[in-house]
Every structure is written in C-alpha cells, then in structure tokens.
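Engineer: Give me a model of this one.
(chains A and B)
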Amino acid sequence: MTLLKRGLSRRRMLQTGMAGIIGTGVAPLMFTKGAWAQEFCNNPTGDTVTFGLNLPLTGAYAEEGADEQKAYELAVKHLNGEGDGGLINVLTPTALKGNGILGKKVAFVTSDSQTKADVARAGATRMIERDGAIMVTGGSSSAEAIAVQGLCQEMGVVFMAGLTHSNDTTGKDKRRYGFRHFFNAYQSGIGLAPVITEAYGTDRKAYHLTADYTWGWTQEESMKNATEALGWETVQAVRTPLGAGDFSQFLTPVLNSGADVLILNHYGNDMVNSLTQAVQFGMRDRQANGKDFQIVVPLFSELMAKGAGANIKGIFGTSNWHWNLQDAGTIAFTKSFGAAYGAPPSQAAHTAYVQALLYADACERAGTFYPPEVIKALEGFEFDGMGNGPTLYRAEDHQCIKNVLVVQGNDNPTSEYDVLNIVQEVPRDLVAYDPAIFGGDLGPAEPAPMC
Amino acid sequence: MRIMSRNDLLLFLGFTVVVLAMPIWLHPFGAAYPDLLQRFMIFGIFAVGFNILFGLTGYLSFGHAAFFGVGSYAAVWSFKLLSLDAIPAMIFAVVVSGVFALVIGFVSLRRSGIYFSILTLAFAQMSYNLAYSVLTPITNGETGLQLNLNDPRYLDTTMGIPTAGQPVPTLLGQSLGGFAGFYFCAGFLILAFFIAMRITNSPFGMMLKGIKSNQTRMNYTGFNTKPYTLAAFVISGMYAGLAGALLAVTDPLAGAERMQWTASGEVVLMTILGGAGTLVGPVIGAWLIKYFENIFSAINETILHRFFDVLPDGLDNALVAITSKFVGEGWFLTLGLVFVLIVVFLPGGIMEGVRRIAHLFDRKPKGRPGKAAPQPQPAE
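Structural biologist: Numbering: from 1, shown residues only, chains lettered A, B, ... in the order given. Now for the predicted structure:
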C-alpha cells in the first residue's frame, strides 16, 4: 500500500473520481428499474388501502385541522362498516357497501402540515413514498391545497382537497388530480353581496383587510367585484401576513380612512384575533359617514365563531355547510359525529368527511383504484344527500357546484355551539359560473404518472 | 504530487460509501424513502457550506436561509423561463445566490461577532418579508412559486423539446423523481464535501482558520483579512444556493418559509449539534435534525401503543401518555433536550463524542498523536 501511504497523485485521483461519478450515475438506474414496477403509483396489493391525511395540527388553522382529523377517522370507520354508517346511508346514488373500498379495508396515515405549503408538500411526499398512500386529502389553507395538488399531479395520486376557498384551487392552478368539494371565494361574493347591500344600504365604503396569500387575494377580488357591482365603493385593501397574531397596526388606519364597512378576509385564528381586536377598538359602536360602522367576514365557520365569542353577534358571512340544516344528510352526519366526539361538526369536518366518502364511492363505481378511471368517475358526478342539496362535481374544473349558505352571528345563542344563524340558502344555479373565467388548465390524466 | 493525506482519503471514501448506501442502512429506521433521503443530502450540503463560514472562519451568520431561498427561487424561475433541465437551473441558482451573498457579505462583513450576526439576520428577515409582500409578483408570496403547464420555457421551445403533462425537472431527459433524485443529490453532496475538504486543507483554509483564532493578529501580521472573509461568505452562500436549487429540482416549489429566521436558525443548530469546525459533523447534525423533523413528528399515539404492546395494560398507557408528549407535535421538545444535552456534555458536538469514544478504544494512545483535535471555539 505504498500508493496510499504517499497519498494519491492528482491523475490517479481524477481517474478514480471519474469512475466514481459514472458509477453513481448508472447505479440508481439499475437499482430502481424493477423497484417501481407497478401499474400505477401505490397500487394497493394487500388487503388494505391507505389514505394520506395531510392536516394542519399546528399554525393559524390548527382548530380546523383537528376537526378534520376527527371527521376523517369517522369516515374511515364508516367506510369499513363500523359505527352507524353515517352518510353512507343517505348518499344517492351510491356504490358504497360498508366493507371498505373494493373489498379492501381502509387505513390511514397522518402528517402535520403546520399550515405551511412547504411542510404540507414534504408530508404528502412522505405519505406517498413511504406509507404508500393511494389518495391524499385534507389541508385547511389554499396555499397548502395548491402546493399539494401540484405534487399529486406529478406523482399520479388523487388529491381530495379539504378546506380551501381560493378561486385558484379550481381556477388558474387547477389540476386533473385535484378535486374540491368546498365552495370558493367567487361564490361567497355572489352569495353574500346582495344580502349585505340589502342590510347596510348600497352607498357604503368598504375597507379590506386581507390575508396575504392566494385565498385572501382571490376573496378580496371577489368581494370587491361583487359589492362594487351593487354600488359599494372600495376605499382601500390592505394585505396582512398569515398568522400575524396582532392586527392593531392594520386596524388603526381603518378608523380615519373614511370607510364605514370593514371586510375581514381572514380565517381561523387570524380572523378570531382581527375581529376581536376590531371590536376592542370600538369599531362596532362607531359612526362613520353618518351610518353605523359594520364588519363583514366573508368566510365563516363555527370554530371561528366559537373562538370570537360575543364579538361575532350580528356579523354576516358565508359557509359551506352548517350542522343546523334540516336535511337528512346533515342530521345523519351531525348525529354520528356528535355521538363520537360530543360536539357538532364544523364545516371543515363536513367537507373532509364528504371528500373521503366521495373518493371511496368513485373507486367503487370505477371498479378500480387506477387514478385516471377514478377521476373519470368523479368528473361530472351528480349526487345528493351529503347535506348541501343536489351537488355536481363539475368536470371542467373539478369544483363542486352546490348551494351556498349566508350566515349571521347568533344574537341569542342557546348553547356554545349555536353561534350562527342561517340567513339564506343561495341556490346553486345562482352561484354557478363559467369555469373559463379563471383560466388554468387541468392537464392530462393519462398516462398516469408513477411516483 | 499529493492531493490528499491518507486520513483524508479514508474519510472521504468512508463518507462516500455511507452516503451512497443510505437507502440500505436507513431502512430499519424507517427513513429510507426518496424524499427524506433527498432532504438529507440537500441539508447536508447546506450545513457543509455553512460550516465553511461558521466553523472555519468563525463568523456566525444568522441569515443563511436567505441564500437558500434565493437559490430555490432562481432555480424555479429557470424552470419556468429557460428549460426544465436541472443543469441550467442549478448554474443559474448558484450564480444568483453568489451575487446576492457578495452584496450582503460586502455590507455585513464590515462588522464581526454579534453585530455581524445581527446584520445577516436583518438582511435575511428583510429578504423574507420582501418575498412575502413587495416581491409577490416574483415569489408568489405565501402561496409559493410553482411550475405551470403554460410557462414559456424559451430554451425548451427553441430546441423543440415537448413537455407532456405536469412539468417536472429532468436531467438530460431523465426524470429526477424518487431514487434517481436521491443519487443526483448524493453526487452533489459528495462533491460539496470534497470541495469543503480541499478548502479546509488549502492555504486559503489556513488563512480562514487564522481569522477565526485571532483576526486582529492576522491584521497586524500584514494580512488584509477582508477578501478572505468575503470569499468564505460568498462560497458559503453559493453552497446554500446550490442546496436551495437542489430542493427546487427534487420538488419544484419555492415558498417564502424557507427563508424565515427559523430556517436560518436550523442550520446553525445542525452545525453546532454535529460539531462546528469538523467536516462530517455538520452533515450528521443536518441528518439528525431532518430525521427528527420527518420521522419523530409523524409518530402518533397509535404507533406508540403498537410499540409498547408487549407491556401490561396500565404500564402501556402510562408510557404512551409520557412519551407522546415528546413525539408528534412535541418533536421540538425532544430536539431541544438533545441539543441541551449535547451542548452541556459535548460542547464540540456529536463529533466530539465520536472522538472521545475513539480515544477510549485507541490501543496506542501515544502511538500517533497526529493532529491535535481541533478545539471547537464558540462563536465570537
């Protein structure tokens, strides 16, 4: 070993180095060739099929994430034929038998997405690559949904979006492998604008505070367009960082801006904080331009209403769903969720549950887990009984078209869950729109990419 | 002509083998899936680069994530505008982050010690906030920059390369998903490690070590230390840019979070945990932290119950109740404890532990004094 003792010559080093580099380049090709020889990504071969639940358990939207997790666990139980069956009994048409999906028991893995797009994507990748998830679902931020949706398109795994309200999710960033049951900002605007202009008059001046990411942007735009069409003026729109915690620096300028309506395009903890602080600033007792100052929160949920307490009273907003609706689907879901967890479900829980069931049903109808076939089964699927009335999974943009609820904070709540009143159920024909207005391209379903 | 000493060669070869065999030996730890392995490589590069500045030169930068983020954004823009090929993207990213580091370094390096740290932290936080708000047209803010079907990709279009379906980065037409992506990153980690090793052993590296031990003395000896520190800063920034670009190659999404101060702090943790100033230490630190982040955070009570299944019921539940606080969302707690233990008992990081153990088993302690173990110095 005299060679080594004296150290290597530069020439020798280069030779070995080149051989090493070529070796590293070729080796993976040989190793991976057979390893992924399957028909499509994560083709379930055993007797179970795994869902990947990507949930924000920390961060600004953690409450929603925790509620979604409960809903998914319930959905998996019902799909496997445990519990009371929940919405499986009321979904029409349905191919679900309550014995898993295509005879395979449903299992799940979870990942904390921390309400961050980067982390959500890493978590989804882990669940797909390591845990063999056949479908990824969940999330309660549109930034997450769009990031994970893009990833799922690359990997060839169906993504059933959880709580995401941005127009972009099924608009300019839509993907063939991504599906959304939740409604969107555009529909909120169309549903909410007539109600608030009727209540507050048509000569109002609005000031927007907007969460600074895709959902906030599109909701601000939608609310602006919808209210301005009915005569309102927009004084200013200010962007606030997600998870800011303290909004006082953004609220102070509102007082002297000449606006008489504050529109809070915030969600989750952000909305609880900004609304509470706005009320503490005395905004709701103020007069501006000779009118009572008003606050509007376009996207509402029970969890937020609970968090904001008395501050929410009388405030208008929209919801995807509410547990107090009186149709068979809502009653069944509220009952089985309440029996399991002792509290009525939130709209996040509802949309999560429904998405899990719809995916399972699509697999049953397609008779396979092969994603392009499942996608075909979901596209243009018209169903009823899930609590939102007749619903269409539109083929052009994978957006569910269904009724939108306009809600108002309850003035006299009878219990801590009875925080919202349904003011109006806007029929789905009114909130349907031409999918082409947001652009975007779904991309191909086939050939199914392999992860 | 000698290019490496025998010890260094063995270290390098050992490192190469360990890295390339990762898919095999990490299997029992549940970490042998491509995405995490890629992250091991990428953050390894990041930490090796950071160590050139911190471990070697003694400048503690608290804003290195800025270069990482800039590298990612540059790479994604190259995918969008030029070509889906990884090579132009990486060259572009390294150059852009190098220029960025030059500008920031030029200003920040007028001070040293804590003032330097604060300056870099301020710059990084500025970049983060810019990416988040003012530069939204370039960075797409919180939503993150993604590839689209209708991106122009001028180089690809002129060369007539069609893209079918969702655009994904490639290497000369080869897809870089899964294990191919891992080996691609592993190649770069090994290369990065080799360069760092050469820098450490070069006269330039000696100069950097001199600056670390006493900059004033260096100045009085007649050396102008400015160019050296700036060069170290730029090299380190380019390493970070390379790591950022690789992250964008394996997962074409660039988000502003990766520029946040927590990300800058993370690389400091990695380096200190592994052993600042050593070659392998920072890489091990990076692996450990990424392992905790991805594996520990995914353990939930169900998994714990399965793990403690053999124990009697009461004990089982008690153990699960205690340990569940340290896994899942509580992984930061575990990491914090590990960090405290290491800093208290092994101030030189994991590598000091390794050295101590090696010392115990050394049969001839007097036989080969060799190099004195480099005494890790706390940052100025």
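Engineer: what does the stretch 251-380 of chain B put close to chain A?
Structural biologist: B:251, B:253, B:255, B:257, B:258, B:294, B:297, B:298, B:300, B:328, B:329 (C-beta under 8 Å from any C-beta of the partner chain). Yep, even glycine has a C-beta here, placed from its N, CA and C like the rest.
Engineer: With pLDDT and secondary structure as added columns, please give these in a markdown table.
Structural biologist: Formatted as a markdown table, those follow (pLDDT from 0 to 100; DSSP: H, G, I helix; E, B strand; the rest coil):
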| residue | pLDDT | secondary structure |
| --- | --- | --- |
| B:251 | 85 | coil |
| B:253 | 83 | strand |
| B:255 | 83 | coil |
| B:257 | 83 | helix |
| B:258 | 86 | helix |
| B:294 | 82 | helix |
| B:297 | 76 | helix |
| B:298 | 74 | helix |
| B:300 | 70 | coil |
| B:328 | 74 | helix |
| B:329 | 73 | helix |
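Engineer: Can you go through these and name the buried ones?
Structural biologist: B:251, B:253, B:255, B:257, B:258, B:294, B:297, B:298, B:300, B:328 (16 or more other C-beta atoms under 10 Å in any protein chain shown).
Engineer: Chain neighbours aside, what residue packs nearest to the third one?
Structural biologist: In this case it means residue B:255. Take residue B:255 and drop its neighbours on the chain: the residue closest to it by C-beta to C-beta, 6 or more residues apart in numbering or on different chains is residue B:144, 3.8 Å away.
Engineer: what's the one you found in contact with, if anything?
Structural biologist: For residue B:144, the contacting residues are A:117, A:118, A:143, A:146, A:147, B:253, B:254, B:255, B:256, by C-beta atoms under 8 Å, 6 or more residues apart in numbering or on different chains.
Engineer: Any buried residues in stretch A:439-446, and which?
Structural biologist: In stretch A:439-446, counting by 16+ other C-beta under 10 Å, buried: A:440, A:442, A:443, A:444, A:445.
Engineer: Could you look up the SS state of the nearest residue to the second one once chain neighbours are set aside?
Structural biologist: Across the structure, with C-beta to C-beta, 6+ apart as the measure, the residue nearest residue A:442 apart from its sequence neighbours is residue A:176 (4.4 Å). Of the three states, residue A:176 takes coil according to DSSP: H, G, I helix; E, B strand; the rest coil.
Engineer: For residue A:176, give me its contacts.
Structural biologist: A:153, A:375, A:398, A:442, A:443, A:444, A:445.
Engineer: counting contacts, what elements does the helix or strand of chain B with the lowest mean pLDDT pack onto?
Structural biologist: Lowest on mean pLDDT, DSSP states H and E among the helices and strands of chain B sits helix B:301-307, with a mean of 75. Helix B:301-307 is packed against helix B:313-323, with contacts defined by 3 or more C-beta pairs under 8 Å, 6 or more residues apart in numbering or on different chains; DSSP states H and E.
Engineer: Now do the helix it packs on: distance to the chain's middle.
Structural biologist: Computed by C-alpha atoms, centre = their mean, to the nearest Å, the chain-centroid distance of helix B:313-323 equals 37 Å.
Engineer: Which neighbouring elements make contact with that helix?
Structural biologist: helix B:301-307.
Engineer: what about residue 214, neighbour count?
Structural biologist: Here I'm looking at chain A. 30 (other C-beta atoms under 10 Å in any protein chain shown).
Engineer: meant chain B, my bad for not saying
Structural biologist: For residue B:214, the count of nearby residues is 12 (other C-beta under 10 Å).
Engineer: Is whichever strand or helix holds residue A:71 in proximity to chain B?
Structural biologist: Using DSSP states H and E, residue A:71 falls within helix A:62-79. No: residues of helix A:62-79 are not located near chain B by C-beta under 8 Å from any C-beta, the shortest gap being 9.4 Å.
Engineer: Describe which strands whatever helix or strand comes next after that helix pairs with in its sheet and in which direction.
Structural biologist: For helix A:62-79, the succeeding helix or strand toward the C-terminus, using DSSP H and E, is strand A:105-112. Strand A:105-112 has its sheet partners listed here by DSSP bridges as strand A:48-55 (parallel).
Engineer: Over to the closest residue to residue A:378 other than its chain neighbours. Which of the three states is it?
Structural biologist: Nearest residue to residue A:378 in three dimensions, chain neighbours excluded: residue A:362, at 4.6 Å (C-beta to C-beta, 6+ apart). When classified by three-state DSSP, residue A:362 comes out as helix.
Engineer: distance of the closest residue to residue A:427 other than its chain neighbours from chain B?
Structural biologist: The shortest distance from residue A:427 to any non-neighbouring residue, by C-beta to C-beta, 6+ apart, is to residue A:403 (5.9 Å). Using C-beta to the nearest C-beta, to the nearest Å, one gets 28 Å for the distance from residue A:403 to chain B.
Engineer: Go ahead and confirm residue A:393 touches residue A:378.
Structural biologist: Yes: using C-beta atoms under 8 Å as the test, residue A:393 is close enough to residue A:378 to be in contact (5.4 Å).
Engineer: ok so, going back, and the angle from the helix holding residue A:71 to strand A:48-55?
Structural biologist: 160 degrees (axes from the mean of the first three to the mean of the last three C-alpha atoms, to 10 degrees).
Engineer: Tell me which residues touch residue 136, please.
Structural biologist: No chain was given, so I picked chain A. By C-beta under 8 Å, 6+ apart, the contact set of residue A:136 is A:51, A:52, A:54, A:124, A:127, A:128, A:148, A:152, A:157, A:158, A:159, A:160.
Engineer: try again with chain B
Structural biologist: Counted by C-beta under 8 Å, 6+ apart, residue B:136 has contacts residue A:212.
Engineer: What pLDDT is listed against it?
Structural biologist: Listed pLDDT for residue B:136 reads 84.
Engineer: Check the gap between it and residue A:196 for me.
Structural biologist: 28 Å (C-beta to C-beta, to the nearest Å).
Engineer: and if you look at residue B:95?
Structural biologist: 52 Å.
Engineer: and the residue in the stretch 151-300 of chain A positioned nearest to chain B, how many neighbours does it have?
Structural biologist: Nearest residue of the stretch 151-300 of chain A to chain B (C-beta to the nearest C-beta) works out as residue A:213 at 3.3 Å. Number of residues near residue A:213 (other C-beta under 10 Å) recorded here: 27.
Engineer: does it really touch residue A:143, like I thought?
Structural biologist: Yes: counting by C-beta under 8 Å, residue A:213 touches residue A:143, with 4.9 Å between them.
Engineer: Report the set of residues contacting both of these two.
Structural biologist: A:242, B:142, B:143.
Engineer: In JSON lines, list those along with secondary structure and neighbour count.
Structural biologist: Formatted as JSON lines, the shared contacts of residue A:213 and residue A:143 follow (DSSP: H, G, I helix; E, B strand; the rest coil; neighbours: other C-beta atoms under 10 Å in any protein chain shown):
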{"residue": "A:242", "secondary structure": "coil", "neighbour count": "25"}
{"residue": "B:142", "secondary structure": "helix", "neighbour count": "29"}
{"residue": "B:143", "secondary structure": "helix", "neighbour count": "28"}
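Engineer: Out of these, flag the one nearest to residue A:97.
Structural biologist: Nearest to residue A:97, judged by C-beta to C-beta, of those is residue B:143 at 39.8 Å.
Engineer: quick one: contacts for the nearest residue to that closest one once chain neighbours are set aside?
Structural biologist: Counting by C-beta to C-beta, 6+ apart, residue B:143 lies nearest to residue A:214, which is 4.1 Å off, once chain neighbours are set aside. Going by C-beta under 8 Å, 6+ apart, residue A:214 touches A:142, A:143, A:146, A:166, A:168, A:169, A:173, B:142, B:143.
Engineer: quick one: which of those residues has the most company?
Structural biologist: residue A:142 (34 neighbours).
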